[in-house]
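S.K.: Here is a sequence with its predicted model. Questions after.
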Amino acid sequence: MKSYFSESEKNSYIKESIEKGIAKYGKINYAYSVMDKKNTDNILIINNISDDFANTYLENKYQNIDPVVINALNRITSFVWDDSLKINSYWTMEKVFILKSFSFLCGHTFVLHDHYNNMAMLTLYFDKFLMADVGELIKTHKNDFQGILLDTHEMLLQVYRKSEEMSAAKKALSTREAEILYWSCAGKTYTEVAGILQITVSTVKFHMAKVVKKLGVKNAKHAISFANELNIIPRPGK
């Protein structure tokens, strides 16, 4: 993604979905993150902790020294961690990664590596001394939380992919083609479209054939279905 999942409206939608999934298990602090494994500066963090948490993390590029991230890069299964988690035999989390104001040095991280070379993580934070019951709840329902990560990440990819497809489709069509597709999507026949636009039916068919070719679909019916699904055609004049 050119802007690496940076659209706030889409991310708010993703956040609502995550919190709906987690809510049934009670109030749990979480962070859902997606990082480009080829360029770790590209990273998205959605969390319910605070904006300062994500801002501090991103500004300091902690993903490059965070033992949780480094361990996750080499795993496909979830893992429990605390402040003793190590990058190597010497450097521990306590030495290289402390956000004292948040005091989250214990958690359960779920991992997903996708085919776009991104790594997604869902980390659930808790205090192992004061919230041991939360840790046990997460462990008991770890398959459910892994499922939440899978569903969330798939939703993220679909939301952004559809946005790109929408933008590309809008740019590909001429004004006349977009008008014909709009009225066809509204259920108008070729004859009715011709009357609305004051052109011949053959002209409508000619432009619809071009729409089919540009959208890469099989026929006009498929083009209409595609346009309706992605909601790519605004009302003419808007």
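M.R.: On my side now, so go ahead. Keep in mind the model is a prediction, meaning the values are calculated, not measured.
S.K.: So which residues of this structure form helices?
M.R.: 8-23, 51-59, 67-72, 93-96, 132-140, 142-172, 175-185, 190-197, 201-215, 220-230 (DSSP state H).
S.K.: need those helices in a markdown table with distance to S78, mean pLDDT and mean neighbour count, can you?
M.R.: (C-beta placed from N, C-alpha, C; glycine too.) Listed next are the helices of the chain as a markdown table, based on distance: least, CB to CB, whole Å; pLDDT from 0 to 100; neighbours: other CB atoms under 10 Å:
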| stretch | distance to S78 | mean pLDDT | mean neighbour count |
| --- | --- | --- | --- |
| helix 8-23 | 15 | 94 | 15 |
| helix 51-59 | 20 | 88 | 14 |
| helix 67-72 | 9 | 91 | 21 |
| helix 93-96 | 17 | 56 | 15 |
| helix 132-140 | 9 | 91 | 15 |
| helix 142-172 | 6 | 87 | 16 |
| helix 175-185 | 44 | 93 | 21 |
| helix 190-197 | 54 | 96 | 16 |
| helix 201-215 | 41 | 93 | 17 |
| helix 220-230 | 34 | 84 | 16 |
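S.K.: between the ones you listed, which one is nearest to H108?
M.R.: Nearest to H108, of all those, is helix 132-140, at 4.7 Å by CB to CB.
S.K.: Hmm, K61 and D41 touching each other?
M.R.: Yes. Counting by CB atoms under 8 Å, D41 touches K61, with 6.9 Å between them.
S.K.: Now do the contacts for T40.
M.R.: Going by CB atoms under 8 Å, 6 or more residues apart in numbering, T40 touches 61, 63-64.
S.K.: what's the closest of the helices of the chain to M121?
M.R.: Here helix 67-72 is closest among the helices of the chain (CB to CB), at 5.5 Å.
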